[in-house]
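Trainee: Take a look and give me a structure for this.
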Amino acid sequence: MNIPLRVLIVEDSTDDADLLLRALRRGGFDPQHRRVDSAATMNHAMDEQAWDVVIADYVMPGFSGLAALALMKQRGLDLPAIIVSGKVSEEVVVIAMKAGAHDCVLKDNLVRLVPAIERELKDVKARQAQRQAREIERERDELRKAISAQEKVLGVVSHELRTPLAGARLMAEFLLTDTTRDPLQAITFLQSIHDEIVRMSAMVDDLLEVARLNSGAARWHWESVSVANVCGEALDAVRFMVDRAKVELIFDATPTDSVMQGDADAIRRLVLNLANNAIKFTASGSIRVRTSTLRSEDENWVEIEIHDTGRGMSPDTLARLGDAFVLNTGSVGQGRAQGVGLGLAICKGIVAAHGGTMTYASAPGQGTKVIARLRADLAAPVGETQEKNVIRVSSESDHLIARLSAA
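Mentor: Numbers count the residues shown, from 1 in each chain. Have a look, this model is predicted:
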C-alpha cells in the first residue's frame, strides 16, 4: 500500500513535475501534489493546506528554489525541502543548504529523491517529538509554578485571616461569658470585632478581584470618563484619613476637562488604592496627585501621578512592588508586614485593561512617585488582562510564607 504524501512542487515545467511524481510513486508514495511556479501561487498553496514536503527546482524564470526556501523560512515552516537541479555543483549545494534546504538531488538521478524524503520525514517527526516533549515540560513547569503560587496564596491568606479570626473569637467568647458586664470593655471588644471583620471582608473582596483579573473574567463598563472628576471623587473619599495638620493633599488636574474612554469605577479604584498607599506611609509633608494628557498622531494617553514625601522604599522592595502576596516590609523603619500587595496588584490589572503601564520611583527618606499611564482612546478594554506579570507571586517570599503558615 502506497504511503500518502502531500507534496508541493515548485517547478515551471509540467514534464519535470511528472518525472518527480513518477519517482515518488515508484518509491512507494501516493503523492497528493500541487505545482507552483511563483511566490504568489506558492503562498496561496501554503495558505490552503499543510504540506509534508517541498520539492523545488533550483532555477526558474522569475522564481527559484532559493526564493521558495525564503518563503518557507518567513512562515517558520519545519518540513523537508529538497532542491532539484540539472547540475548540482559543490557551490550550489553549500548555497542551498545555507538557505534551508535539507538535500540536493540531480534531475537525471532521481533515485536519491525517495530515500532523501524518507530520511527527512523521520527527522521531522523526531523534531516534532522533541518540541512536544519541551512543550509538555513547559506546561508541567507552569503547573508546578501555579501550584506553588497557590500554596503561597493559601499560606498568606491563612495567616491574614486566621489571626484576626482567633482574636475576634476570643473577644466574642469573653463577651458571652463575662459576668462583670463592664459596658466600656464590651464596647471596646465589639469595636475591635467590627474592625477586624471589615478588614477581612475587604481582603476577601480584593482576593475575588484579583481572581477575576487573573482569569480574564473581570467585567468592564466602558464609557467616556472625566479624569479630573473621577480622581477628585477618589481623593474626597480618603481625605478624612489625612492628618491635615501634618500632611497636605494637593490635586492638580491639567487639563481639568480631559476625557478618556475607560471604566470610571476601575479608574476610581486605581486612584483610591494608590492614594491609600501614599497616606499610609506619609507621616508629614505632602501628597500630590496630578493628571495630564499626552497626545501623538496615533495615540492619546492620560497620566495619573501620585507623589508623596513619605518614608520611601528600598531598591529590593521597589523591585517587587505590585507583586501579589508579597509581604511588604520595605518601608523605612518598619519591620512588620504592611499587607499582602493585593491593592497594587489590582492596580496593575486595571492599568493593563486600559492598555497602559505603571512605573515607580522611590528611595528611603525621599518619598515615592507612582505614575499610571492609560490609553485614552481605546474603544474597548484590552483582552489579555490576565497576562502573567499582572498578578505575580514572588518566590522571594517563600521563607516568609512558610514561617507564617506554620505560625
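
Trainee: where in the stretch 1-150 of the chain is pLDDT low?
Mentor: 1, 88, 149-150 (pLDDT under 70).

Trainee: where along it do the helices fall?
Mentor: Using DSSP state H, counting those that start in this stretch, the helices found in the stretch 1-150 of the chain span residues 14-26, 39-48, 65-75, 90-99, 113-177.

Trainee: Output those in TSV, with mean neighbour count appended to each entry.
Mentor: C-beta coordinates here come from the backbone N, C-alpha and C atoms, glycine included. As requested, these are exported to TSV (neighbours: other CB atoms under 10 Å):
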stretch	mean neighbour count
helix 14-26	16
helix 39-48	14
helix 65-75	18
helix 90-99	14
helix 113-177	14
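
Trainee: could you dump the ones you listed to a markdown table with distance to Gly365?
Mentor: As requested, those are exported to a markdown table (distance: least, CB to CB, whole Å):
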| stretch | distance to Gly365 |
| --- | --- |
| helix 14-26 | 77 |
| helix 39-48 | 61 |
| helix 65-75 | 54 |
| helix 90-99 | 59 |
| helix 113-177 | 29 |
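
Trainee: Outline the domain layout of the protein.
Mentor: 3-108, 142-215, 222-396 (automatic domain parsing).

Trainee: I'd like to know which of those domains lies nearest to Pro115.
Mentor: domain 3-108 (8.0 Å; CB to CB).

Trainee: How far does the closest one stretch from one end to the other?
Mentor: 24 Å (CA to CA, to the nearest Å).

Trainee: Show me the strands in the stretch 251-400 of the chain, by range?
Mentor: All strands of the stretch 251-400 of the chain, identified by DSSP state E, counting those that start in this stretch, fall at 259-263, 285-295, 300-308, 357-362, 368-375.

Trainee: Turn the ones you listed into JSON lines, including distance to Lys73, mean pLDDT and mean neighbour count.
Mentor: JSON lines is the format used below for those (distance: least, CB to CB, whole Å; pLDDT from 0 to 100; neighbours: other CB atoms under 10 Å):
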{"stretch": "strand 259-263", "distance to Lys73": "41", "mean pLDDT": "92", "mean neighbour count": "22"}
{"stretch": "strand 285-295", "distance to Lys73": "39", "mean pLDDT": "91", "mean neighbour count": "17"}
{"stretch": "strand 300-308", "distance to Lys73": "37", "mean pLDDT": "94", "mean neighbour count": "21"}
{"stretch": "strand 357-362", "distance to Lys73": "34", "mean pLDDT": "91", "mean neighbour count": "16"}
{"stretch": "strand 368-375", "distance to Lys73": "35", "mean pLDDT": "94", "mean neighbour count": "21"}
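
Trainee: So which of those strands is nearest Pro31?
Mentor: The nearest among the strands of the stretch 251-400 of the chain, by CB to CB, is strand 368-375 at 51.7 Å.

Trainee: Centre of the chain to the closest one, how far?
Mentor: 19 Å (CA atoms, centre = their mean, to the nearest Å).

Trainee: Between strand 259-263 and it, find me the angle.
Mentor: In terms of direction (axes from the mean of the first three to the mean of the last three CA atoms, to 10 degrees), strand 368-375 departs from strand 259-263 by 90 degrees.

Trainee: between the strands of the stretch 251-400 of the chain, which one is nearest to Ala228?
Mentor: Here strand 285-295 is closest among those (CB to CB), at 6.2 Å.

Trainee: quick one on the thing from earlier: so which of the strands of the stretch 251-400 of the chain comes closest to Ala50?
Mentor: Of all these, strand 368-375 comes closest under CB to CB, at 37.9 Å.

Trainee: what are the pairing partners of that closest one, and which direction each?
Mentor: If you go by DSSP bridges, strand 368-375 pairs up with strand 300-308 (antiparallel), strand 357-362 (antiparallel).
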